[in-house]
Structures are given as structure tokens and as C-alpha cells.
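Participant: Structure of the sequence below:
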Amino acid sequence: MKKQLLGLCLSLIILSPGALHAQIGLGGQLSWADDADLGIGARGTLGVPTQIGQLEVIAALDYFFPDQVAGIDVSYWELNTNLVYMFRVPTPVVAPYAGAGLNFAHASVSTDLPGVGFSDTELGLNLLGGAKFNVGSVTPFAELRLELDGGEQFVITGGALFTVGPGI
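Facilitator: The predicted structure is shown next:
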């Protein structure tokens, strides 16, 4: 089911005549997760006008800094790829969006004891909503994301995007 949904979303983007006018954004973000605490990351976006409205592919990599315990080193990162629909609103300053996507989460734990530790990688689904704020050449954003499976946490993210070019 996940592969079929992803294939459908990619087909809509690729076969859309608006794909020739896509807009690319790159930026950074700060995240807070209810299990993994503070995280920093990078974000890339690809906005594509389609027959059904403006869609945007969002790819983000976050490295989190979970609470540490003496003698135990915890490492946690996530890769998220989401497809969102940009809602049309009367004000051009706020651009709300909602969507879904895939979450690839990796955790590893090591200890001071030789050979004691583990790592785990999980794939899950995201449900998300947020808004971009069109205030100039830099576009701030804020987002709420619920991870089902994978990271299995609630994440609040904010950051800024810079437009790389007018399109591809």
C-alpha cells in the first residue's frame, strides 16, 4: 500500500504539465520531539503546480539529541519524505498545508561495556500540517508532525527556506 501511494504521488508530479515550473527551496530547521528532545536538520522542498492545485514534496533530515544517561551513548536521526497540498487562502502571507509521507528513523545505543549496545531502524508513516510565511526572500515555516510507526512521536518543527531557483 505504501509503495502504491508513493507511486501515485510521484506520477501526479511527474506527469503534470506544471512540473516544468517547479520551485525548489533549501533551508534549515529546528525540531522538538516528545521522545527525542531537540533536533537540528536540513530541509529541501520541491513545489509543483498541478491540475488539482499546488503540491509540494518535502524532504528533511533531522539529527536529535536525546537525554543521555551516564555510561550510555544514544544516537537518533530521522529522514522524512512527505507530500503536502498547499491550501489556497485569501491572504498571500500565510500558506497552510497538510499531507502525509514516510518516516525512516534510526536509533543506536552504545555503552561503556564492550559488546553491549544495539541499533534499530524503522519505517513509518507521517501525518503533518503546517504553514509557510511569505515575508520576503526567506520563507519561515512551522510544522506539526505525527509519526505512526518509525519514530512514533509527535514533532514540532520550525525553520527557514531559501528559494534556489525559479524552476527546473
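
Participant: which residue ranges form the helices in the protein?
Facilitator: Applying DSSP state H to the chain gives helices spanning 2-15.

Participant: where does it have low pLDDT?
Facilitator: 1-21, 165-168 (pLDDT under 70).

Participant: Could I get the full set of strands for it?
Facilitator: 23-33, 37-50, 53-65, 72-86, 94-111, 117-133, 138-149, 154-165 (DSSP state E).

Participant: Include mean neighbour count when you put the ones you listed into CSV, please.
Facilitator: Every residue, glycine included, has its C-beta placed from N, CA and C. Putting the strands of the chain into CSV (neighbours: other CB atoms under 10 Å) gives the following:
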stretch, mean neighbour count
strand 23-33, 17
strand 37-50, 18
strand 53-65, 19
strand 72-86, 19
strand 94-111, 17
strand 117-133, 15
strand 138-149, 17
strand 154-165, 16
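
Participant: Please save the CA atoms from stretch 151-164 in PDB.
Facilitator: Taking C-alpha atoms only, stretch 151-164 is exported to PDB below (Å, rounded to 0.1, in the frame of the first residue of the first chain):
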ATOM      1  CA  GLY A 151       9.900   7.400  15.000                       C
ATOM      2  CA  GLU A 152       6.500   7.000  16.800                       C
ATOM      3  CA  GLN A 153       6.500  10.500  18.200                       C
ATOM      4  CA  PHE A 154       5.000  14.000  17.900                       C
ATOM      5  CA  VAL A 155       7.300  16.500  16.400                       C
ATOM      6  CA  ILE A 156       7.200  20.300  16.200                       C
ATOM      7  CA  THR A 157       9.500  21.900  13.600                       C
ATOM      8  CA  GLY A 158      10.300  25.400  12.500                       C
ATOM      9  CA  GLY A 159      12.900  26.900  10.200                       C
ATOM     10  CA  ALA A 160      13.500  28.900   7.100                       C
ATOM     11  CA  LEU A 161      13.700  28.200   3.400                       C
ATOM     12  CA  PHE A 162      15.600  30.000   0.700                       C
ATOM     13  CA  THR A 163      14.400  29.700  -2.900                       C
ATOM     14  CA  VAL A 164      17.200  28.200  -5.000                       C
END
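
Participant: Centre of the chain to that stretch, how far?
Facilitator: Relative to its chain's centre, stretch 151-164 lies at 6 Å (CA atoms, centre = their mean, to the nearest Å).

Participant: i'd like the first residue to be 33 from this point on
Facilitator: Yes, from this point I'll number from 33; that puts the last item at stretch 183-196.
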